[in-house]
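In: starting from these lines, generate the structure:
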Amino acid sequence: MNKKYIFPVSIGLSDGIITALILASGGIIGKSTIDLFEAFKISFGSAFAGAFSYFIAQYAGLNEELHRTALQLNLKSTNYLLKGHLGIEIFVESLLGAFIAAFFGFLGALIPLSSSLIIKNNIELPLFLSYASLAVLGLFISKTTAGRARFWILVMVTVGIIVTIAGYELKLIV
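Out: Take a look at the predicted model:
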């Protein structure tokens, strides 16, 4: 995998799982039914919001880097760089990353939602799969960033548990 796409994959998966957990954990833990259509709606909404947020953040960040580069080169304006090949490359890279984040956000959201459809009124399976997915993602993050695996796994699973509790208390989808 191209290293520049590690970020949109990891942000998409984590955002999708976490968004689905906070929105649907009230229904999952409360043992109310989430149908397939509702699972796809939530997953699509999560993917759309994640893609938009990713694009804005990435494009703004890359533009800021280009601006800083222009200042280091003593250029009077960043516009020259933005209107040229670099500007197009930044836009395309941000757009492609947003599509990747959306795709993996959609898949990530489907993990807890679709697993709750496999065995009705079973809260263990969707939560286990969600936390296991977050743990694997934490391991992936630790390997790609030379971080400590235990730390990242613990952080990702803890965040999953926290948003599950928050989602259950908020009961956004019952």
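In: surely L21 touches V163?
Out: Yes. Between L21 and V163 a contact is recorded at 4.8 Å, counting by CB atoms under 8 Å. C-betas here are computed from N, CA, C, even on glycine.
In: so which of the two has more stuff around it?
Out: L21 (30 against 21; other CB atoms under 10 Å).
In: where's the helix or strand encompassing that one relative to the chain centroid, distance-wise?
Out: Applying DSSP states H and E as the criterion places L21 in helix 6-29. Centroid separation for helix 6-29 versus its chain: 7 Å, with CA atoms, centre = their mean, to the nearest Å.
In: pull the number of nearby residues for L96.
Out: Counted with other CB under 10 Å, L96 comes out at 15.
In: how close does it get to F103?
Out: L96 sits 11 Å away from F103, taking CB to CB, to the nearest Å as the criterion.
In: and if you look at I6?
Out: Using CB to CB, I6 is found at 14 Å from F103.
In: of those two, who's got more company?
Out: F103 (18 against 15).
In: could you list the buried residues of stretch 80-93?
Out: 81-82, 86-87, 90, 93 (16 or more other CB atoms under 10 Å).
In: can you pull the pLDDT of M1?
Out: What the model reports as pLDDT for M1 is 60.
In: okay, now V159: neighbour count?
Out: V159 has 17 nearby residues by other CB under 10 Å.
In: for K76, that is, sorry about that
Out: Counted with other CB under 10 Å, K76 comes out at 8.
In: SS state for it?
Out: coil (DSSP: H, G, I helix; E, B strand; the rest coil).
In: so who does it touch?
Out: Counting by CB atoms under 8 Å, 6 or more residues apart in numbering, K76 touches no other residue.
In: and what of R148?
Out: S142.
In: please apply the same query to G160.
Out: 17-18, 21, 130-131, 134.
In: one more time with 6 Å, if that's ok
Out: By CB atoms under 6 Å, 6 or more residues apart in numbering, the residues touching G160 are 130-131, 134.
In: on that earlier part again, which one of the buried residues of stretch 80-93 is nearest to A51?
Out: The closest of the buried residues of stretch 80-93 to A51 turns out to be E93 (CB to CB; 14.0 Å).
In: pLDDT score assigned to that closest one?
Out: 93.
In: for the protein, which helix or strand comes out least confident on mean pLDDT?
Out: helix 79-83 (a mean of 75; mean pLDDT, DSSP states H and E).
In: and the next helix or strand past that helix?
Out: helix 85-118.
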